[in-house]
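In: Turn this into a model:
(chains A and B)
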Amino acid sequence: NAGVTQTPKFQVLKTGQSMTLQCAQDMNHEYMSWYRQDPGMGLRLIHYSVGAGITDQGEVPNGYNVSRSTTEDFPLRLLSAAPSQTSVYFCASRTSGGRYEQYFGPGTRLTVT
Amino acid sequence: GENVEQHPSTLSVQEGDSAVIKCTYSDSASNYFPWYKQELGKGPQLIIDIRSNVGEKKDQRIAVTLNKTAKHFSLHITETQPEDSAVYFCAAMGGNYQLIWGAGTKLIIKP
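Out: Just a heads-up that it's a prediction; the model follows:
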């Protein structure tokens, strides 16, 4: 059981470039989410999904797109990278039942120059 | 919407002493309050949680207390050990089932 996996671990982009951060989980969790973590600001929700084919915006969705074609995968797309998107990105998953424990991936450290 | 404040931002304690981290929340409808531990270079991991119908919960050296009237909850770690050094986050879940996170507390255990 690999849990939640994320790739890449590190990425450097130039302003205006696009890329996709990959996230996969093998726990058959319905709920998946993307957070960004910035110093002194905790975790902020970007987008989330309650199941395949269903996505919704979180607290800071601008500049990001998501899709959920399978239960396992939840990629995050940066459309046109900006320096303000320099951050550490975490993907998380949990069941949709009464247990709210979220399982986090190891994170992707993104730098936009 | 919900707002969660966490204090202190950094806490340094002697090994073997107790550590207390406090959080306040604004939405009285919030009903679930987890605490996560994040070690360097890793994602956060749940260490304990509490629901609004319970005032206190313990798990070995870790305990969480909730005061619904005052809208605050606290993490207590007793007999601290070097492996307790990490960043700790509190969070609150409102009626929309989304977690709002505190800014984090860096806990340093001095030998």
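
In: can you give me phi and psi for residue B:82?
Out: Phi and psi for residue B:82, reported as degrees, to the nearest 10, are phi -50, psi -40.

In: nope, residue B:84 is what I was after
Out: According to degrees, to the nearest 10, residue B:84 has phi -80, psi -10.

In: What is the neighbour count of residue B:26?
Out: If you count neighbours by other C-beta atoms under 10 Å in any protein chain shown, residue B:26 ends up with 14. C-beta coordinates here come from the backbone N, C-alpha and C atoms, glycine included.

In: now it, nearest residue through space, not along the chain?
Out: residue B:3 (4.4 Å; C-beta to C-beta, 6 or more residues apart in numbering or on different chains).

In: Am I right that that neighbour is in contact with residue B:25?
Out: Yes: the criterion here is C-beta atoms under 8 Å, and residue B:3 meets it with residue B:25 at 7.1 Å.

In: For chain B, which segments count as helices?
Out: Taking DSSP state H as the criterion, chain B carries no helices.

In: can you pull the contacts of residue B:19?
Out: Residue B:19 makes contact with B:11, B:13, B:75-77, B:80, B:84, B:107, according to C-beta atoms under 8 Å, 6 or more residues apart in numbering or on different chains.

In: So which residues on chain A come close to chain B?
Out: Counting by C-beta under 8 Å from any C-beta of the partner chain, chain A comes close to chain B at A:4, A:40-45, A:48, A:58, A:90, A:92, A:100-102, A:104-107.

In: can you do 10 Å?
Out: A:3-4, A:6, A:9, A:31, A:33, A:35, A:37-45, A:48, A:50, A:56, A:58-59, A:88, A:90-92, A:94, A:96, A:98-107, A:109 (C-beta under 10 Å from any C-beta of the partner chain).

In: Name only those of these that count as buried.
Out: A:4, A:6, A:31, A:33, A:35, A:37, A:42-45, A:48, A:58, A:88, A:90-92, A:94, A:100, A:102-105, A:107 (16 or more other C-beta atoms under 10 Å in any protein chain shown).

In: circling back: and the residues of chain A next to chain B, which of them are in strands?
Out: A:4, A:6, A:31, A:33, A:35, A:37, A:43-45, A:48, A:50, A:56, A:88, A:90-92, A:94, A:103-104, A:109 (DSSP state E).

In: Look up the closest residue to residue B:100, ignoring the ones flanking it.
Out: Distance criterion C-beta to C-beta, 6+ apart; nearest residue to residue B:100, sequence neighbours excluded, is residue B:2 at 4.2 Å.

In: was I right about the one you found contacting residue B:29?
Out: Yes: applying C-beta atoms under 10 Å as the test, residue B:2 and residue B:29 come out as touching, 8.5 Å apart.

In: if I look at the most centrally placed residue in chain A, how far off is residue B:104?
Out: Closest to where the C-alpha atoms of chain A average out (C-alpha atoms, centre = their mean) is residue A:34, at 2.9 Å. Separation of residue A:34 from residue B:104 (C-beta to C-beta, to the nearest Å) stands at 18 Å.

In: How about chain A: which residue is closest to chain B?
Out: Residue nearest to chain B within chain A: residue A:104 (3.0 Å; C-beta to the nearest C-beta).

In: The closest residue to that residue other than its chain neighbours: how many residues sit nearby?
Out: Nearest residue to residue A:104, sequence neighbours excluded (C-beta to C-beta, 6+ apart): residue B:43, at 3.0 Å. Residues near residue B:43, counting by other C-beta under 10 Å, number 23.
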